[in-house]
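> With the sequence up front, the predicted model follows.
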Amino acid sequence: MPIRDRLLALSVALLWGLNFPAIHVSLEQFPPFFLVALRFALLAVPTVLLVPRPDVPLRWLLGYGLGFGVLQFVFLYTAMDSGMPTGLASLVLQSSAPFTVLLAGVLLRERLTAGQLVGIGVAVAGLGGIAVHRAGLAGGATLVPVLLTLCGGLGWALGNLANRQARTTEPFRLMLWMTVVPPLPMLALSLVTEGPDRIGRSLLTVGSPAGLLAVGGLLFTVLVATLVGTGWWTALMSRHPSSTVAPFSLLVPVVGIGSSWLLLGEATSATELAWGAVVVAGVLLGSRPARRRPGTAAAAPPDAVPDAVPDAVPDAVPGAGPRTGAAAAAAGASQVVVTGR
């Protein structure tokens, strides 16, 4: 990979990592479910008006939107709103990688190599260490946000599988149309659980300093982290093997934890950092392509698991069918889209 593309990959990790503090300040103003609806509505409206629908089966488009757009962010935003540290959220969401590998093996019958199974085990051990540590804090109250974030990672993984099954040659267009799915169900959920009064107050006070900062965070999430970050990532995945590009996404929690400390004054304990390093090591190990025996073809099989892993992926985003060349790489890119990014 040339220096220019390495710098571009580093820039994407920076944008996606900074997105977690942006989400944090947005949640200071807007209720979590309503914020998810806003986030996707800002992309969904111009998409419906300007972007042709990708030629994929409707069930996989809906599955992608429900898994990646609804389930991931319902749990992630609820976790962050209920006390999940911002930097730690960017780390625990990496659970989408082992979830995707496991689900691909069980549901799609994809082969799991010994290295991937070991990587999954290491990542799960790291996540378990974080959960046990949080269970010992504040009488166990801090464990619930961790579990919610893990559920968000599972939702992202389910979205990755639907993305993979869509078998699209138009990954960026599929990503844009995925945003059409969440707004209405999330708005309905917000009205039922958060109520019109809370939604109204968040909108009426949007002109306050905190409200303007929240709007800035929301625009960063939509325009910078999603459109710019995903666009660059898609370009990188179209030019290089996913196994070369995907490891750069492991820098996202590093940026997320560092920026949360610098911008929000949020500290992460040494114990959580140590277990976090175990998680990242497991994801990296599980994303390595299998070694080819001498004399075997250089190309990976079309349904090899690394194309289905979110950050090993994402290929999730953060993550189908016979693909070759740029189309195969680009299809993987659409699954990365956002770790909360």
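Noted; the coordinates are in hand.

> which SS state does Met206 fall under?
Careful, residue 206 is Val; it's not Met. coil (DSSP: H, G, I helix; E, B strand; the rest coil).

> so the residue nearest to it when sequence neighbours are not counted is in which element?
Using Cβ to Cβ, 6 or more residues apart in numbering and skipping residues adjacent in sequence, the residue nearest Val206 is Val215, 6.3 Å away. Yep, even glycine has a C-beta here, placed from its N, CA and C like the rest. Using DSSP states H and E, the element containing Val215 is helix 209-219.

> got the contact list for that helix?
Residues from elsewhere that reach helix 209-219 (Cβ atoms under 8 Å, 6 or more residues apart in numbering): 21-30, 35, 38-39, 42, 202, 205-206.

> what about 7 Å?
22-23, 25-26, 28-30, 38-39, 205-206 (Cβ atoms under 7 Å, 6 or more residues apart in numbering).

> What separation is there between Thr100 and Gln72?
Here the criterion is Cβ to Cβ, to the nearest Å. By it, Thr100 lies 12 Å from Gln72.

> Can you find the helix or strand of this protein with the lowest average pLDDT?
helix 325-333 (a mean of 38; mean pLDDT, DSSP states H and E).

> Over to Glu110. Which of the three states is it?
coil.

> Now it. Nearest residue, chain neighbours left out?
Nearest one to Glu110, counting by Cβ to Cβ, 6+ apart, is Ala104 at 4.4 Å.

> just checking, next helix/strand downstream of the host helix or strand of that neighbour?
Secondary structure assignment for Ala104, by DSSP H and E: helix 96-107. Following helix 96-107 in sequence order, the next helix or strand is helix 114-135 (DSSP H and E).

> would you put the C-alpha positions of that next one in PDB?
Extracted in PDB, the C-alpha atoms of helix 114-135 (Å, rounded to 0.1, in the frame of the first residue of the first chain):
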ATOM      1  CA  ALA A 114      -8.000 -22.500  13.400                       C
ATOM      2  CA  GLY A 115      -6.500 -19.000  13.500                       C
ATOM      3  CA  GLN A 116      -9.900 -17.400  13.400                       C
ATOM      4  CA  LEU A 117     -11.200 -19.600  16.200                       C
ATOM      5  CA  VAL A 118      -8.200 -18.700  18.300                       C
ATOM      6  CA  GLY A 119      -8.700 -15.000  17.500                       C
ATOM      7  CA  ILE A 120     -12.300 -15.200  18.500                       C
ATOM      8  CA  GLY A 121     -11.400 -16.900  21.800                       C
ATOM      9  CA  VAL A 122      -8.800 -14.200  22.600                       C
ATOM     10  CA  ALA A 123     -11.200 -11.400  21.800                       C
ATOM     11  CA  VAL A 124     -14.000 -12.900  23.800                       C
ATOM     12  CA  ALA A 125     -11.600 -13.400  26.800                       C
ATOM     13  CA  GLY A 126     -10.700  -9.700  26.600                       C
ATOM     14  CA  LEU A 127     -14.400  -8.700  26.500                       C
ATOM     15  CA  GLY A 128     -15.100 -11.000  29.400                       C
ATOM     16  CA  GLY A 129     -12.300  -9.400  31.400                       C
ATOM     17  CA  ILE A 130     -13.800  -5.900  30.800                       C
ATOM     18  CA  ALA A 131     -17.200  -7.200  31.800                       C
ATOM     19  CA  VAL A 132     -15.900  -8.800  35.000                       C
ATOM     20  CA  HIS A 133     -14.000  -5.600  35.900                       C
ATOM     21  CA  ARG A 134     -17.100  -3.500  35.300                       C
ATOM     22  CA  ALA A 135     -19.200  -5.900  37.300                       C
END
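
> Skipping adjacent residues, who's closest to Val222 in space?
Nearest to Val222 is Leu42, by Cβ to Cβ, 6+ apart, at 4.9 Å.

> helix or strand for that neighbour, which one?
Short version: Leu42 belongs to helix 32-50, going by DSSP H and E.

> With Pro253 instead?
helix 252-264.

> How about residues contacting the helix or strand just after that helix?
Downstream of helix 252-264, the first helix or strand assigned by DSSP H and E is helix 270-286. With contacts defined as Cβ under 7 Å, 6+ apart, helix 270-286 is touched by 88, 91, 94, 97-98, 101, 115-116, 118-120, 122-123, 125-127, 129-130, 133, 247, 250, 253, 311-312.

> Can you say which of those residues are buried?
88, 91, 94, 97-98, 101, 116, 119-120, 122-123, 126-127, 129-130, 133, 247, 250, 253, 311-312 (16 or more other Cβ atoms under 10 Å).

> Measure how buried the residue nearest to Val206 is and give me the count.
17 (other Cβ atoms under 10 Å).

> Would you mind measuring from it to Gly200?
16 Å.
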